[in-house]
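J.: What follows is a predicted protein model with its sequence.
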Amino acid sequence: MRTLLISLSLFSLAFLVTCSSDSAKKNISKAGDVAGQAVGEFVSGVSSGVQKAFDMTIELPKSLEAKGVKFGKITVKNDTEGTDNLLTVYFIFDKNFDETLVAKVFDRKGLEMGRVRQKVTGAKGDAKFVEFHFDKRTNIDVDSKITIE
């Protein structure tokens, strides 16, 4: 991407140096504007594609649903030492809740590669983010399966 931007800039600069008419300069300016917009749209498309690829969903177990718990937004990010080992879940409480939950991560072959216990409490009508901090060697990939029970 950077190479494309540098190439476009150098081409425009070289063309400006060799052309002296105002109409040529205006055409170059318009061409640069169009190229810049195209690059901007490409970058935006790539970043939204990456975001969609990393959107995580975790099935809500019937046992938690019966206790008045729902999941909202779920994200995975890096902590200071590991890569994609910090799971953040937005919990919504329809009933009072006070339990220790276990989050597990499985690779694409179904092998467990991370497990963490976290105390989760919430009053009826409340909602909050809860972090499940896995070992730095646990790398939650797009094709990983996550359970919380």
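T.: Received it, and whenever you're ready, just let me know what you need. Numbers count the residues shown, from 1 in each chain.
J.: In terms of residue numbering, what are the domains of this protein?
T.: The chain breaks down by automatic domain parsing into domains covering 2-53, 62-148.
J.: what about the longest one, start to end distance?
T.: It refers to domain 62-148. From its first residue to its last, domain 62-148 covers 11 Å (Cα to Cα, to the nearest Å).
J.: one step back: out of the domains of the chain, name the one with the poorest average pLDDT.
T.: Per-stretch mean pLDDT for the domains of the chain is lowest at domain 2-53 (a mean of 51).
J.: Strands along the chain, start to end?
T.: 69-77, 86-93, 97-106, 112-122, 127-133, 145-148 (DSSP state E).
J.: Which secondary structure elements does the longest one sit against?
T.: Contact analysis of strand 112-122 by 3 or more Cβ pairs under 8 Å, 6 or more residues apart in numbering; DSSP states H and E lists strand 86-93, strand 97-106, strand 127-133 as its packing neighbours. From N, CA and C alone the C-beta is placed, and that goes for glycine too.
J.: just those strands: most buried one?
T.: Comparing these by mean neighbour count (mean count of other Cβ atoms under 10 Å), strand 86-93 ranks first with a mean of 19.
J.: Could you list the residues in contact with that strand?
T.: 56, 58, 68-79, 97, 103, 105, 116, 120, 122-134, 140, 146, 148 (Cβ atoms under 8 Å, 6 or more residues apart in numbering).
J.: do stretch 129-143 as well
T.: 53-54, 56, 76, 79, 81-91, 103, 105, 107-108, 113-114, 116, 118, 120, 146, 148.
J.: Just the buried residues of those residues.
T.: 76, 82, 84-87, 89, 91, 103, 105, 107, 113-114, 116, 118, 120, 146, 148 (16 or more other Cβ atoms under 10 Å).
J.: about what we covered before: turn the helices and strands packed on strand 112-122 into TSV, including distance to Lys62.
T.: Output for these, formatted as TSV (distance: least, Cβ to Cβ, whole Å):
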stretch	distance to Lys62
strand 86-93	16
strand 97-106	14
strand 127-133	20
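J.: Quick one: closest of the ones you listed to Leu64.
T.: With Cβ to Cβ as the measure, strand 97-106 is the member of the helices and strands packed on strand 112-122 nearest Leu64 (7.9 Å).
J.: Point out the other helices and strands that the closest one packs with.
T.: strand 86-93, strand 112-122, strand 145-148.
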